[in-house]
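give me a model of this one.
(one chain, ligands or ions: 1)
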Amino acid sequence: MTRPKIIAGNWKMNLDHIEGAALARAVRDRLSGPARPCEVVLIPPFTSLEAVAGAIEGSPLRIGAQDLWYEPSGAFTGEISASMLAALGCRYVLIGHSERRHVIGEDGTLLSRKLRAALAGGLFPIYCVGELLEDREAGNADGVVERQLREGLGGLEPGDAGRVVIAYEPVWAIGTGRNATPEDAGAMHQAIRRLLADLFGEPAAGAAVILYGGSVKPDNARDLLSREGIDGALVGGASLDPGSFAAIVSAL
Ligand code: PEP
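As a prediction, the model looks like this:
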């Protein structure tokens, strides 16, 4: 089955809007030329979304946000709604990044609400799942990822589930320089697809876009991205360097 491919760059809490626009222009320039066989998404901090959107206007690049709040509006100081993101041109939004789960403390109930709010707001959620090192060492990586998927996606209609991009990001591989082997990543992607088939049926599972994230760099991208079932990458650190990010895009 041919699925869309996505390479997304999560800039995390880096770069102000001026620096962000400069990085976006540099990425756009490096990726100009023949059309790429994938969607390339820049995910800057909220404060840079508008400047980055301006910098990539007219190019095939897309923007996404790093988070949202699940209510449409109201007394939620400091929060941002799906419609605000859509109005800025966001197509994607990260939900449940490991730093939101493990540093900020977001739980499955909250993430499921955010995911539904993203869908209701017309965005494509990139729902991040992944085990801690202790889970993997205890042989429980599959169990943790299954629980996170059931918490986030359980109860969705297959049509809605089909709009959710999954990012498998083992927590021990994020920002550590230590990536999962292509074999381990590929096995987890297969396990995720099997669970999606149980929850939503084979057609939805076959169509689901599942990304790998965790220390993807130019020198390991091709091995990871050529694995059957890995439909692209969510890139952190390497997305802050236009040359590295463009090299990862070119590895697809
Ligand atoms: C991430 O932030 O989602 C990520 C995968 O980071 P890094 O590529 O730096 O490991």
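
in stretch 60-69, which residues are buried?
Residues 61, 62, 63, 64, 65, 66, 67, 68, 69 are the ones in stretch 60-69 that count as buried (16 or more other C-beta atoms under 10 Å). From N, CA and C alone the C-beta is placed, and that goes for glycine too.

wait, stretch 118-137
Per 16+ other C-beta under 10 Å, stretch 118-137 contains these buried residues: 118-119, 121, 123-132, 135-136.

ok so, going back, keep only the buried residues of stretch 60-69 that also lie close to the ligand.
Among the buried residues of stretch 60-69, no residue is within reach of the ligand (C-beta under 6 Å from any ligand atom).

ok, back up a step: between the buried residues of stretch 118-137, which is nearest the ligand?
residue 128 (6.9 Å; C-beta to the nearest ligand atom).

need the contact list for that closest one.
The contact partners of residue 128, taken as C-beta atoms under 8 Å, 6 or more residues apart in numbering, are 94, 95, 96, 97, 98, 101, 167, 169, 213, 234.

residue 228 and residue 108: what is the separation?
29 Å (C-beta to C-beta, to the nearest Å).

of these two, which one has the most company?
residue 108 (16 against 7; other C-beta atoms under 10 Å).

is it true that that one touches residue 153?
No - if you go by C-beta atoms under 8 Å, residue 108 and residue 153 don't touch, sitting 10.6 Å apart.

hmm, back to that, what's the closest of the buried residues of stretch 118-137 to residue 23?
residue 126 (19.6 Å; C-beta to C-beta).

I'd assumed the closest one was in a strand, is it?
Yes - under DSSP: H, G, I helix; E, B strand; the rest coil, residue 126 falls within a strand.

quick one on the thing from earlier: who wins for most neighbours among the contacts of residue 128?
residue 95 (31 neighbours).

so where's the stretch 51-200 of the chain uncertain?
Filtered on pLDDT under 70, the stretch 51-200 of the chain yields no residues whatsoever.

what residues does it put near the ligand?
Counting by C-beta under 6 Å from any ligand atom, the stretch 51-200 of the chain comes close to the ligand at 169, 174, 175.

switch the cut-off to 5 Å
Neighbours of the ligand within the stretch 51-200 of the chain, by C-beta under 5 Å from any ligand atom: 174, 175.

all strands of the stretch 51-200 of the chain, in order?
Per DSSP state E, counting those that start in this stretch, the stretch 51-200 of the chain carries strands over the ranges 62-65, 90-95, 124-129, 165-168.

contacting residues around the last one?
Contact partners of strand 165-168, identified using C-beta under 8 Å, 6+ apart, comprise 6, 8, 92, 94, 124-130, 145, 149, 185, 188-189, 192, 196, 208-213, 234.

6 Å instead?
124, 126-128, 130, 188, 192, 209-213, 234 (C-beta atoms under 6 Å, 6 or more residues apart in numbering).

Provide the strand pairings for that strand, with the direction of each partner.
Sheet pairing for strand 165-168, assigned by DSSP bridges, gives strand 124-129 (parallel), strand 210-213 (parallel).

who's in contact with residue 20?
Counting by C-beta under 6 Å, 6+ apart, residue 20 makes contact with 44, 48, 51, 52.

okay, it: pLDDT?
We have a pLDDT of 98 for residue 20.

how close does the closest residue to it other than its chain neighbours get to the ligand?
Closest residue to residue 20 apart from its sequence neighbours, by C-beta to C-beta, 6 or more residues apart in numbering: residue 48 at 3.3 Å. The gap separating residue 48 from the ligand is 16 Å, by C-beta to the nearest ligand atom, to the nearest Å.
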